[in-house]
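[1] for reference, the sequence and a predicted model appear below.
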Amino acid sequence: MTDRTDGASDADDIILEVHDLTKVFGSGASAVRAVDGVDLTVRRGEILLIMGPSGSGKTTLLTMIGGLLRPTAGTVRLNGRDITSMKESELPQVRRHLVGFIFQTFNLLEALSTAENVEVALNLAGISGRQARQKAEAILSNLGLSKRLGFKPRDLSGGEKQRISIARALANDPQLILADEPTANLDSKHGHDVVVLLRDIAKKQDRTVLIVSHDDRIREAADRVLWLEDGRFKDIGKLVRDPVCGMAVEAAGAVSHTYSGRTYYFCSEGCRREFLEAPAKFTGEAPAAPAPQPGVRSALRRFFGDKLR
Ligand code: ADP
Ligand code: MG
């Protein structure tokens with residue numbers, strides 16, 4: 001993307017620029033800094049995954065980016081326009097045309113059919129009647145839902161509901177799709193289908209897709225992964241994987257051991273001990289040995305906590 005030959009400037013490549021974005025809920029002693037001075041630049045066509053534990057500020061960040069929530073401080077530039085300085089009356093235009101939202105809980109209108117759920121989004125953007133119906137049907141058919149147009153959400157599977165909400169997000173041809181935990185209410189097959197679909201949307205339709213999730217399976221589809229914790233991005237380069245239990249751990253300050261010239265980091269002393277009992281089992285250095293089994297101690301530790309150390 002940096003080696004451009006079409007003469008367009010780098011700035012044209014950027015769909016989203018977030019600077020020093022902060023959201024504080026409450027005040028005084030009970031104030032929560034849900035998002036704490038975040039900087040972020042996203043290029044067109046990119047599929048970006050922001051991961052982080054529950055409560056780390058993912059939803060708060062995403063809703064500010066989409067103009068659904070006003071920040072306490074900082075700026076969000078969408079397509080070159082600062083939406084944080086816009087009047088309340090200007091924001092619906094941005095939400096309808098520039099961004100499409102996909103929610104964990106689908107947020108479909110239960111009383112409406114599949115087609116009508118998508119038509120509503122078109123109606124809000126000023127497209128009505130036959131034109132809206134035809135466009136809704138075309139988008140839904142494209143997502144494999146042509147046989148479900150008249151169904152109500154209650155008669156559909158979770159995977160189908162999420163595809164309808166993706167169709168609704170696409171209805172007004174937005175350049176940026178924002179997805180909040182899009183696979184959280186789906187089984188692993190349907191979750192995988194949704195991930196493939198979001199990747200297709202980014203790559204074939206040249207849209208930018210920003211997903212926030214703690215679902216590790218989405219990693220495979222993302223061009224870039226960022227890690228949010230306590231409202232701030234952490235350098236993912238400094239996060240390493242515990243070879244025993246597979247958990248991501250921060251290298252600085254973690255229990256470590258150097259083996260065969262390489263340093264391994266562990267989430268706990270227990271994992272390090274398990275590693276020391278049979279290092280080759282975890283370093284992939286003994287191809288002839290049976291495939292490494294997940295450590296029994298680490299599995300037990302997940303149940304009993306650190307008492308097992
Ligand atoms: P995530 O989506 O990563 O789980 P959230 O953005 O929902 O995290 O929440 C981040 C933090 O902000 C949490 O501590 C949460 O309790 C707090 N928070 C979120 N929304 C509100 C709100 N409307 N009022 C008060 N606190 C909130
Ligand atoms: Mg959330």
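    Looks like it came in fine. Ligands and ions are numbered 1, 2, ... in the order given.
[2] domain parsing of this structure, as residue ranges.
    Per automatic domain parsing, the domain ranges recorded for the chain read 43-55+85-237, 238-308.
[3] got the buried residues for stretch 51-69?
    Using 16 or more other C-beta atoms under 10 Å as the test for burial, stretch 51-69 gives 51-52, 56-67. In short, each C-beta sits where N, CA and C put it, glycine included.
[4] so which of those residues reach ligand 1?
    With C-beta under 6 Å from any ligand atom as the criterion, the buried residues of stretch 51-69 include G52, S56, G57, K58, T59, T60 near ligand 1.
[5] pull up the residues of the protein that are close to ligand 1.
    F25, G26, V32, A34, G52, S54, G55, S56, G57, K58, T59, T60.
[6] keep only those of these that are in strands.
    Judged by DSSP state E, strands contain the following of the residues of the chain next to ligand 1: F25, V32, A34.
[7] and the pLDDT at the last one?
    This points to A34. A34 is assigned 98 on the pLDDT scale.
[8] what does Y265 give?
    Listed pLDDT for Y265 reads 92.
[9] dihedrals phi and psi, it?
    phi -120, psi 150 (degrees, to the nearest 10).
[10] now the one 4 residues further on
    The phi/psi pair for E269 (degrees, to the nearest 10) reads phi -60, psi -40.
[11] check the one 5 residues further on too.
    E274 has phi and psi values of phi -60, psi -40 when expressed as degrees, to the nearest 10.
[12] cool, and the one 4 residues further on?
    Here is the backbone geometry of A278 (degrees, to the nearest 10): phi -160, psi 70.
[13] now for the helix or strand hosting V120, which elements pack on it?
    Using DSSP states H and E, V120 sits in helix 114-124. Packing partners of helix 114-124 (3 or more C-beta pairs under 8 Å, 6 or more residues apart in numbering; DSSP states H and E): helix 91-97, helix 129-142, helix 158-170.
[14] of the domains of the chain, which is nearest ligand 2?
    Nearest of the domains of the chain to ligand 2, taken as C-beta to the ion: domain 43-55+85-237 at 6.0 Å.
[15] can that closest one be said to contact ligand 2?
    No: contact of domain 43-55+85-237 with ligand 2 is not found when judged by C-beta under 5 Å from the ion; the minimum separation is 6.0 Å.
[16] tell me the gap between that domain and the middle of its chain.
    The gap between where domain 43-55+85-237 is centred and where its chain is centred comes out at 11 Å by C-alpha atoms, centre = their mean, to the nearest Å.
[17] what's the closest of the buried residues of stretch 51-69 to T41?
    Taking C-beta to C-beta as the measure, I65 is the one of the buried residues of stretch 51-69 closest to T41, at 12.1 Å.
[18] wouldn't the closest one be in contact with V76 here?
    Yes: contact criterion C-beta atoms under 8 Å: I65 and V76 qualify, at 5.6 Å.
[19] got the contact list for the helix or strand where G191 lies?
    Assessed by DSSP H and E, G191 sits inside helix 188-204. Here helix 188-204 makes contact (C-beta atoms under 8 Å, 6 or more residues apart in numbering) with 45-47, 143, 157-159, 162-163, 166, 170, 177, 179, 182-183, 186, 207-209, 211, 215, 217-218, 220-221.
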